[in-house]
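> I would like the atomic coordinates for the input below:
(chains A and B)
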Amino acid sequence: GAGVSQSPSNKVTEKGKDVELRCDPISGHTALYWYRQSLGQGLEFLIYFQGNSAPDKSGLPSDRFSAERTGGSVSTLTIQRTQQEDSAVYLCASRDTFLGSPLHFGNGTRLTVT
Amino acid sequence: GNSVTQMEGPVTLSEEAFLTINCTYTATGYPSLFWYVQYPGEGLQLLLKATKADDKGSNKGFEATYRKETTSFHLEKGSVQVSDSAVYFCALASSNTGKLIFGQGTTLQVKP
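Now for the predicted structure:
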């Protein structure tokens, strides 16, 4: 079936504007993750959803960042009042219930804040 | 909290050389360990994994052994090819929560 789908693939926004990034995980995958990859940097964990449990938000860098997952499927990452340092590739990944299962990554959203 | 530390890159090797990329971790419980690879212009994909101590993951000639006594999961390949040039990420999944964290990545460049 289809893989993890992210939209938009590219987003350019002005400093101070809000943005929403969308992730459609693989159907049936109960776990969904958001990561941020800055140029030349590793993957920074942002947030993790597992089934109906409360999400692990420990990686969100500030209160300008939030995410939700509706109906256990689609997820939206929202960044309010964007700053230039928010520029990065935002990656979404999903996996099935088994903890040892591999993550399936989307192609990411490249966010540029001008 | 849990953490993953990888050797810093870039690593530059000649074709057919032996590769080691070191990865050590700190974790509570019994995590699962992974190596992911990102080829130029492509998305991240799983290379290999090990879910318990002493397991060896292998794929495409790469190997890594889950060493609980040294908290390590070093990636090795006996003879690298130009096509192995990529960024390699070591990762850990918590056995308690499923939270998956990554190391900072190691860039490998293989020259003909």
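
> so which bits of chain A are right by chain B?
A:31, A:33, A:35, A:41-43, A:45, A:48, A:50, A:56, A:91, A:93, A:99-100, A:102-103, A:105-108 (C-beta under 8 Å from any C-beta of the partner chain). Using the backbone N, CA and C atoms, a C-beta is placed for each residue, glycine as well.

> hmm, try it at 7 Å
Within reach of chain B by C-beta under 7 Å from any C-beta of the partner chain, chain A has these residues: A:31, A:33, A:42-43, A:45, A:48, A:50, A:56, A:99-100, A:102-103, A:105, A:107.

> most neighbours, which of these?
Within the residues of chain A next to chain B, most neighbours by other C-beta atoms under 10 Å in any protein chain shown means residue A:33, with 27 neighbours.

> partners of the helix or strand that it is a member of in the sheet?
Here residue A:33 sits within strand A:31-37, counting by DSSP states H and E. Sheet pairing of strand A:31-37 (DSSP bridges) gives strand A:43-50 (antiparallel), strand A:88-95 (antiparallel).

> may I have the following helix or strand past the first one exported as PDB, CA atoms only?
Think strand A:43-50. Using DSSP H and E, the helix or strand that directly follows strand A:43-50 along the chain is strand A:65-69. Extracted as PDB, the C-alpha positions of strand A:65-69 are listed here (Å, rounded to 0.1, in the frame of the first residue of the first chain):
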ATOM      1  CA  PHE A  65       5.100  24.000  18.600                       C
ATOM      2  CA  SER A  66       2.100  21.700  19.000                       C
ATOM      3  CA  ALA A  67       0.800  18.500  17.300                       C
ATOM      4  CA  GLU A  68      -2.400  16.500  17.200                       C
ATOM      5  CA  ARG A  69      -3.400  13.200  15.800                       C
END
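
> off-centre distance for whatever helix or strand comes next after strand A:65-69?
Proceeding N to C from strand A:65-69, the next assigned helix or strand is strand A:75-79, under DSSP H and E. Offset of strand A:75-79 from its chain centre (C-alpha atoms, centre = their mean, to the nearest Å): 7 Å.

> do the same with stretch B:60-78
With C-alpha atoms, centre = their mean as the basis, stretch B:60-78 stands 7 Å off its chain's centre.

> before we move on, the earlier item: dump the strands paired with strand A:31-37 to TSV, plus mean pLDDT.
Output for the strands paired with strand A:31-37, formatted as TSV (pLDDT from 0 to 100):
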stretch	mean pLDDT
strand A:43-50	93
strand A:88-95	95
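
> kindly compare burial across these and name the winner.
Ranked by mean neighbour count, these are led by strand A:88-95 with a mean of 24 (mean count of other C-beta atoms under 10 Å in any protein chain shown).

> and the angle from that one to strand A:75-79?
160 degrees (axes from the mean of the first three to the mean of the last three C-alpha atoms, to 10 degrees).
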